[in-house]
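Colleague: test case, fold it:
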Amino acid sequence: MALSLIAAASILSTTPEIPRLPPIRRDPQITYHDRSGAVIGVRGGRYGPPVEIDHLPAYVPAAFVAIVDRRFYSHDGFDPMGMARALMADLAAGRAREGASTITQQLARNLFLDADRTMERKATELVYAVELEQAYTKKQILGLYLSRVYFGSGAYGIEAAAERYFDRSAAKLTIRQAAMLAALMKSPTDYNPVDQPERSEERTRLVLDAMVETGAITPGQRGEALAQNPHVWRTARTASAQWFVDYVDAQTRRAATRVTRDLVVDTTLDLPSEAAAGEEAKAVADRYASRGVQQAALVTLDGDGRIRAMIGGVDYATGPYDRAVEAKRQVGSAWKPFVYLAALENGRTPDTLVVDEPVTIDGWTPADFEPEYLGQITLQTALAKSINTVAARLADEIGRPIVAAEARKLGIVSPINTDPAMALGTSQVSPLEMAQAYDAFANGGNRVYAYGVERIRYAGGQVIYQHHADAPQPVVANPPLTELNGMLKTVLQDGGTGVRAAIPGRDLAGKTGTTSDFRDAWFCGFTGNLTTVVWLGRDDDKPMSKITGGSAPVDLWRSFMLTAMRRLANEPIPPGPPAPLPAPVQEIANPAPLTIPPIPSPATIPLTAPPT
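Modeller: Sure, this is the predicted structure:
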């Protein structure tokens with residue numbers, strides 16, 4: 001490489017017109033935060049804004065200078081001493097082996113040039129490096145460099161790398177972590193701390209040695225750093241949140257029409273709960289893989305419809321398709337609460353006697369999961385044991401259009417069939433819709449519109465959209481609400497299909513759902529002002545091996561809720577309004593898109609002056 005540098009300089013000296021420094025441009029980004037301000041994802045341009053060097057611990061930029069370009073603060077864009085050293089090494093080896101690019105040269109290449117190894121390109125790189133040094137301060141050059149350099153695992157820039165590997169901001173990196181990131185500059189693949197931990201450690205030692213030699217740290221600090229063993233995330237802690245980020249990103253872009261400035265979106269997601277959902281979904285899918293379980297989806301809403309957790313599969317990297325929002329599947333018996341609510345609103349009570357016996361409706365004969373019929377039972381027992389014959393007869397007596405209207409007013413927006421089998425959940429809906437509908441049972445009878453965006457603001461702080469909650473819209477009255485919730489609590493008690501979901505000391509209710517041939521398995525459950533819906537199945541719609549809603553889905557639901565409920569007050573399921581209230585039925589398009597006016601912003605975001 002040193003030989004090519006000298007040859008390039010020779011060519012440059014004969015060039016009639018010296019290229020001028022182009023403007024620095026950067027595509028805008030949208031940064032998404034969880035409800036506590038933690039970054040959960042970035043969409044848009046590859047590179048973040050220039051790093052503010054003064055906002056980092058001094059040892060962070062010093063680690064990169066020490067190992068990449070030790071004379072960075074004394075050269076004018078290129079390093080003649082480094083070039084001479086590289087030339088001698090090349091001559092000794094008989095071939096181009098040593099690199100001599102300074103941080104400024106690397107930045108010039110990153111900003112303006114391609115990776116072609118030609119003398120003309122190298123000559124232009126040298127000119128641009130010198131011009132960068134004339135136009136920008138050393139801190140600004142280093143800040144631009146650290147915002148654009150690649151750290152492996154999809155992370156561009158030190159901020160993204162710190163989040164990816166250590167789940168923290170660059171401003172909170174330790175000396176050891178800073179050295180580990182600087183070690184990646186030689187090769188993001190060969191020294192990746194996830195895939196190559198031994199080589200990463202070896203290279204990190206060299207970085208720490210260089211930091212001592214340059215006076216960036218003391219020998220004692222080096223020893224302390226070597227004694228540390230920082231946790232490195234094999235996958236980003238925010239990996240499971242990427243389905244949610246995609247979901248709100250689509251809404252944000254519809255609202256913004258043209259994103260031409262950096263935006264920050266504050267969302268409703270609770271990252272610790274989201275991370276727990278991702279971990280538990282993968283664990284349950286792995287545990288039941290031998291029985292055909294391949295995919296999972298989970299949606300959690302609080303009582304006002306805020307999305308607290310949303311996973312659309314077991315691995316976003318290999319399956320980014322969002323099964324929580326986009327996939328529509330039959331829900332089986334998880335549909336039955338809509339049937340029973342219609343019955344309660346039309347004169348039945350939990351103690352109303354019904355008969356579990358063979359029944360044929362318009363030529364269709366439903367069968368129970370268990371082969372033996374129970375005879376005369378109460379409505380409460382029929383729901384707890386998920387008796388198909390009772391639900392089918394009940395929907396037929398009340399009127400299937402009325403059942404469809406119940407589901408619609410609660411939040412189901414997909415097409416609802418009204419054939420005899422509809423009572424057993426043959427309509428295809430998404431987990432998000434089911435969570436939205438069940439949330440009315442959890443919050444005292446109010447219709448919710450699931451949402452994920454609280455506010456949108458420019459990176460400088462100006463708020464351009466703020467979610468405003470509408471007044472509560474009661475859609476379920478008493479006594480039917482209290483009666484239905486009491487019946488759904490028995491599902492989690494002895495003899496109920498969801499008994500494995502019970503958690504001592506918690507007021508819980510819910511319903512299992514299993515479709516024909518075990519293609520889909522659901523559990524929709526709730527406590528006071530918190531609803532979680534779980535689906536398990538396969539993308540190819542093939543049957544699983546006897547996976548019912550009361551097995552694997554309940555396992556996932558319970559393990560997740562144990563984590564999620566620890567972050568909330570122990571609220572009982574609210575009783576709802578004391579007197580009957582009107583419950584209008586409307587056609588509602590949902591998941592409800594954000595109603596945000598177009599956001600005016602400049603057409604471009606040039607960075608032609610030194611960054612500040």
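Colleague: what is the burial count for Arg500?
Modeller: 16 (other Cβ atoms under 10 Å). C-beta: built from backbone N, CA, C; applies to glycine.
Colleague: do the same with Gln221
Modeller: 16.
Colleague: surely Leu481 and Gly576 touch.
Modeller: Yes. Look at Leu481 against Gly576 with Cβ atoms under 8 Å: they come within range, at 4.2 Å.
Colleague: any idea how far Thr378 is from Val390?
Modeller: Going from Thr378 to Val390 by Cβ to Cβ, to the nearest Å gives 10 Å.
Colleague: related to what we said a few turns ago, common neighbours of Leu481 and Gly576, please.
Modeller: Common contact partners of Leu481 and Gly576 (Cβ atoms under 8 Å, 6 or more residues apart in numbering): 444-445.
Colleague: who has more neighbours, those two?
Modeller: Leu481 (26 against 22).
Colleague: quick check, pLDDT for that one.
Modeller: Each residue has a pLDDT score; the one for Leu481 is 97.
Colleague: cool, and Ala66?
Modeller: At Ala66, pLDDT is 98.
Colleague: ok, for it, nearest residue in space, not its chain neighbours?
Modeller: With Cβ to Cβ, 6 or more residues apart in numbering as the criterion, Ala66 has its nearest non-adjacent residue at 3.9 Å, and that residue is Ala210.
Colleague: over to Leu379?
Modeller: With Cβ to Cβ, 6+ apart, the residue lying closest to Leu379 is Thr352, at 4.9 Å.
Colleague: tell me which residues touch Asp266, please.
Modeller: Counted by Cβ under 8 Å, 6+ apart, Asp266 has contacts 33, 35, 37, 453-457.
Colleague: cool, Lys489 as well?
Modeller: Counted by Cβ under 8 Å, 6+ apart, Lys489 has contacts 507-509, 573.
Colleague: mind redoing it with 7 Å?
Modeller: Lys489 sits next to Ala509 when contact means Cβ atoms under 7 Å, 6 or more residues apart in numbering.
Colleague: element containing it, please.
Modeller: helix 480-490 (DSSP states H and E).
Colleague: and whichever helix or strand comes after that helix, what does it pack against?
Modeller: Sequence-wise, the next helix or strand downstream of helix 480-490 (DSSP H and E) is strand 509-514. Where contact means 3 or more Cβ pairs under 7 Å, 6 or more residues apart in numbering; DSSP states H and E, strand 509-514 is packed against helix 480-490, strand 520-527.
Colleague: for these, could you give me a markdown table that also reports distance to His231?
Modeller: Formatted as a markdown table, these follow (distance: least, Cβ to Cβ, whole Å):
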| stretch | distance to His231 |
| --- | --- |
| helix 480-490 | 41 |
| strand 520-527 | 32 |
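Colleague: which of these is buried the deepest?
Modeller: When you average the neighbours per residue for each of the helices and strands packed on strand 509-514 (mean count of other Cβ atoms under 10 Å), strand 520-527 leads with a mean of 29.
Colleague: run through the residues that contact the nearest residue to Tyr47 once chain neighbours are set aside.
Modeller: Leaving aside its sequence neighbours, Tyr47 sits nearest to Arg148 (Cβ to Cβ, 6+ apart; 4.9 Å). Residues in contact with Arg148, defined by Cβ under 7 Å, 6+ apart, are 47, 110, 156-157.
Colleague: I'd say Arg109 and Val127 touch.
Modeller: No. Here Arg109 lies out of contact with Val127, judged by Cβ atoms under 7 Å, at a distance of 12.0 Å.
Colleague: returning to what we had before: nearest to Thr189, out of the helices and strands packed on strand 509-514?
Modeller: strand 520-527 (40.4 Å; Cβ to Cβ).
Colleague: report all helices and strands that the closest one contacts.
Modeller: Counting by 3+ Cβ pairs under 7 Å, 6+ apart, strand 520-527 packs on helix 431-442, strand 509-514, strand 530-537, helix 552-566.
Colleague: how about TSV for these, with mean pLDDT, mean neighbour count and distance to Val259 added?
Modeller: What follows is the helices and strands packed on strand 520-527, written out as TSV (pLDDT from 0 to 100; neighbours: other Cβ atoms under 10 Å; distance: least, Cβ to Cβ, whole Å):
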stretch	mean pLDDT	mean neighbour count	distance to Val259
helix 431-442	98	27	25
strand 509-514	98	30	39
strand 530-537	98	29	31
helix 552-566	96	22	32
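Colleague: need the ones you listed in CSV with distance to Arg329, can you?
Modeller: As requested, those are exported to CSV (distance: least, Cβ to Cβ, whole Å):
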stretch, distance to Arg329
helix 431-442, 8
strand 509-514, 10
strand 530-537, 7
helix 552-566, 12
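Colleague: closest to Thr137 out of the ones you listed?
Modeller: helix 552-566 (47.3 Å).
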